[in-house]
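*Asks:* compute the structure for the input listed below.
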Amino acid sequence: MGTTNQELYWTVGNKRFTNKWATLAYAKKMGLTPKFNFFDKSFGAYEWRVEPGESWRNLLIKRALQLRESYDYIRLFYSGGVDSQTMLEVFLQNRIHVDEILVYRGSAFSDKMDEEPADIEVKDVAIPFLKSIEKEIPNTKITILENGASYLTKALDEKYFYEESSFALRIWCERHLYKRAPELFSPFEKGLKHCDLRGGDKPKIFLENGKYYMAMWDSSRVWDIGDQFLENFYLSPEMPEIHAKQCHIVKNYFKLTYPGANCLKRHFNVFDTEKLEIINQLCRVPRFKEINLGKGKTGVLSSKQLLVLDGARQNNSRLYELWMSFIKNEGMIHPERFNNNNILDDFKGILSRKYPLE
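*Replies:* Predicted structure coming up:
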């Protein structure tokens, strides 16, 4: 009873994986190169060179209706960011019912969530927006799921980092969210076909030998691969055209604005807030409230993670020392797995198949 997210995975030879640590360990053992399956069967059969004729707005509505017809219960994860804001507003403005809206927040150093600076988007955007609309959606359950420091201090161990396939000091993957809040299983236990709906993801395009392509690095999806109930709004093998449309929208803009550019990477850095905001304006709605998210550094230690880590360093020595021990150990034993042989620069990415956009 899985979602389309089940078609995101790695392979090493003929063996399939949903955890990057396990993928890399097996690849090294067998002397093989791992591959990233990015909806290969469906995306491989789609004609990416032709821009979908429907408008972006119509495709968003079409996607929301498709999801509503596919699932008995939709739990929409909302953070207040532009991806989830756009997704949620499509449902709201077109009176397409959402069964539950879930806001997740966590802190590595406090049980008072408003003290966590990395969650300013939830505090100042997501929760105020939901309060402003809750009377208009009386049949939609609103859930605030919180993981404070007292829980994380007990729950996090070395095994956690391997299961998450990430380096975060906060819970992200389904396995740990459902363990923390077993009530999330309720729709499944009632026999309902349900999904946890997240935004994911902005278009990733690049220029190579004078041609534009779409592809996805596994690092963009690494933390949710293998989640049984996860469905991504903008990425789906059931509707490739919604991702194709946003790729063409961005390609058309950069092709017009930067003619002759021999590398698009410098114009598409998800940690470059100026360029990222251009992409947000092209295919996302504005946030309910604009705030300074402070993004700006790549690798494991994005600015949000720096805030989380600094809070743990000052106020939760147990978590901080666990994190540092894990980082140092992996960095020494397997430096080849990470960019620049440095674990703080994140896993070396595995690129999916490339699809020409023109």
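*Asks:* which ones are touching the nearest residue to Lys193 once chain neighbours are set aside?
*Replies:* Nearest non-adjacent residue to Lys193, counting by CB to CB, 6 or more residues apart in numbering: Asp72, 4.9 Å away. Glycine gets a C-beta too; all of them are placed from N, C-alpha and C. Applying CB atoms under 8 Å, 6 or more residues apart in numbering, we find Asp72 in contact with Pro187, Leu192, Lys193, His194.
*Asks:* surely Arg16 forms part of a helix?
*Replies:* No. Under DSSP: H, G, I helix; E, B strand; the rest coil, Arg16 falls outside any helix and is assigned strand.
*Asks:* dig out what the nearest residue to it once chain neighbours are set aside forms beta bridges with.
*Replies:* In this structure, Arg16 finds its nearest non-sequential neighbour in Tyr9, 5.3 Å apart by CB to CB, 6+ apart. For Tyr9, the beta-bridge partners under DSSP bridges are Asn37.
*Asks:* for stretch 251-261, which positions count as buried?
*Replies:* For stretch 251-261, the neighbour count (16 or more other CB atoms under 10 Å) marks Lys251, Tyr253, Phe254, Lys255 as buried.
*Asks:* tell me the average confidence for that stretch?
*Replies:* The average pLDDT within stretch 251-261 is 80.
*Asks:* Glu54 against Ile61, yeah?
*Replies:* No. The criterion here is CB atoms under 8 Å, and Glu54 misses it with Ile61 at 9.7 Å.
*Asks:* okay, the buried residues of stretch 251-261 in a markdown table with distance to Leu32 next?
*Replies:* Listed next are the buried residues of stretch 251-261 as a markdown table, based on distance: CB to CB, whole Å:
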| residue | distance to Leu32 |
| --- | --- |
| Lys251 | 33 |
| Tyr253 | 39 |
| Phe254 | 36 |
| Lys255 | 37 |
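*Asks:* TSV for the residues you listed, including secondary structure and distance to Lys141?
*Replies:* Output for the buried residues of stretch 251-261, formatted as TSV (DSSP: H, G, I helix; E, B strand; the rest coil; distance: CB to CB, whole Å):
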residue	secondary structure	distance to Lys141
Lys251	helix	39
Tyr253	helix	38
Phe254	helix	41
Lys255	helix	44
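*Asks:* just the helices in this protein please.
*Replies:* In the chain, the helices defined using DSSP state H lie at 20-30, 40-44, 56-70, 82-93, 120-121, 127-133, 149-155, 158-164, 174-180, 186-189, 240-257, 273-283, 303-315, 317-333.
*Asks:* got JSON lines for the ones you listed, with distance to Tyr234 too?
*Replies:* Formatted as JSON lines, these follow (distance: least, CB to CB, whole Å):
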{"stretch": "helix 20-30", "distance to Tyr234": "22"}
{"stretch": "helix 40-44", "distance to Tyr234": "13"}
{"stretch": "helix 56-70", "distance to Tyr234": "8"}
{"stretch": "helix 82-93", "distance to Tyr234": "7"}
{"stretch": "helix 120-121", "distance to Tyr234": "19"}
{"stretch": "helix 127-133", "distance to Tyr234": "20"}
{"stretch": "helix 149-155", "distance to Tyr234": "30"}
{"stretch": "helix 158-164", "distance to Tyr234": "23"}
{"stretch": "helix 174-180", "distance to Tyr234": "19"}
{"stretch": "helix 186-189", "distance to Tyr234": "23"}
{"stretch": "helix 240-257", "distance to Tyr234": "6"}
{"stretch": "helix 273-283", "distance to Tyr234": "9"}
{"stretch": "helix 303-315", "distance to Tyr234": "21"}
{"stretch": "helix 317-333", "distance to Tyr234": "31"}
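*Asks:* deepest of those helices, which one?
*Replies:* Among the helices of the chain, ranked by average contacts under mean count of other CB atoms under 10 Å, first place goes to helix 82-93 (a mean of 21).
*Asks:* and it, C-alpha only, in PDB?
*Replies:* What follows is helix 82-93, C-alpha atoms only, in PDB (Å, rounded to 0.1, in the frame of the first residue of the first chain):
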ATOM      1  CA  VAL A  82       7.000  28.600  -0.600                       C
ATOM      2  CA  ASP A  83       6.800  25.000  -1.700                       C
ATOM      3  CA  SER A  84       4.300  23.900   0.900                       C
ATOM      4  CA  GLN A  85       2.500  27.300   0.800                       C
ATOM      5  CA  THR A  86       1.900  26.900  -3.000                       C
ATOM      6  CA  MET A  87       0.700  23.300  -2.500                       C
ATOM      7  CA  LEU A  88      -1.600  24.100   0.300                       C
ATOM      8  CA  GLU A  89      -3.200  27.100  -1.400                       C
ATOM      9  CA  VAL A  90      -4.000  25.000  -4.500                       C
ATOM     10  CA  PHE A  91      -6.100  22.800  -2.300                       C
ATOM     11  CA  LEU A  92      -7.700  25.700  -0.300                       C
ATOM     12  CA  GLN A  93      -8.500  28.000  -3.200                       C
END
